[in-house]
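Engineer: attaching a predicted model along with its sequence, questions to come.
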Amino acid sequence: MEIEQTLLEIRELENQIHDAEIKRDNSIEFYRRRIAEAEKVFGTDAYDARIKLENLFIQLKAFYDENPPTKGKSHKFAGGKFGYSKQPTKFFVDGKPAASDNPALIDYAKKFCPHYLRYKETVDWSKLKDEIYVEDGAAYLKSTGEVIPDMKVQTLPDKFSVKVTESPLKKALDLETLRSLNTEEAEDEDD
């Protein structure tokens, strides 16, 4: 029967996609390991360069402290400039950065300065949606029958889907394929 053949073809294509995704994931993991190894090798070179850079910064800072600029806050040279710059003040409440959503800061403001609190109005959409009925492309409240102004309604057609059942034999073969892929990758790493 043609439908059975189509379902078999769909199952085979889904399996091909699944196998390709497994190969892709294995390749990604393989290259992540290689990158980590390269970072170990080049990390020592970068560490040495960072130490040298830090020492040069210390030397420039010492020069600046001994010879403060007569004009402005930095020394300017043809190759660049160096000096101090203001850093913004950082605030922390209960060990976390002070921000509008910091719970400890909100509690403080509730007790001592409620005029700094902001309240955000939101709609409980899931409950409101239950109270709406649609007729002729318009949305109405069930309780009053009033139309909800400016609300547009888009009814989508049902989505077609296909689900293919796996045979136990096919699952066993897929497991064997996965095992062979893992074995091949392990052999590649040994080379």
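Structural biologist: Received the coordinates, thanks. Numbering: from 1, shown residues only.
Engineer: only C-alpha atoms for contact and neighbour calcs from this point on.
Structural biologist: Fine.
Engineer: so how far is the longest helix along the chain from its chain's centroid?
Structural biologist: Determined from DSSP state H, the single longest helix within the chain is helix 2-66. With C-alpha atoms, centre = their mean, to the nearest Å as the basis, helix 2-66 stands 16 Å off its chain's centre.
Engineer: what about the helix or strand just after it, average pLDDT?
Structural biologist: Following helix 2-66 in sequence order, the next helix or strand is strand 74-77 (DSSP states H and E). The pLDDT scores in strand 74-77 average 85.
Engineer: so for the helix or strand following strand 74-77, what gets flagged as buried?
Structural biologist: For strand 74-77, the following helix or strand on the C-terminal side (DSSP H and E) is strand 80-83. Residues of strand 80-83 include none that count as buried (16 or more other C-alpha atoms under 10 Å).
Engineer: which residues of this structure score low on pLDDT?
Structural biologist: Counting by pLDDT under 70, the chain has low-confidence residues at 1, 161-191.
Engineer: most remote residue from it's center?
Structural biologist: Distance from the C-alpha centroid of the chain, by C-alpha atoms, centre = their mean, peaks at T70 (48.1 Å).
Engineer: give me the phi and psi angles of that residue.
Structural biologist: Per-residue torsions, T70: phi -80, psi -20 (degrees, to the nearest 10).
Engineer: separation between it and K76?
Structural biologist: 11 Å (C-alpha to C-alpha, to the nearest Å).
Engineer: ditto for F57
Structural biologist: Here F57 is placed at a distance of 15 Å from K76 (C-alpha to C-alpha).
Engineer: E39 now?
Structural biologist: Look at E39 and K76: by C-alpha to C-alpha, they are 36 Å apart.
Engineer: and D150, by the same measure?
Structural biologist: D150 is 61 Å from K76, where distance means C-alpha to C-alpha.
Engineer: higher neighbour count, the two?
Structural biologist: More crowded of D150 and K76, by other C-alpha atoms under 10 Å: K76, with 12 against 8.
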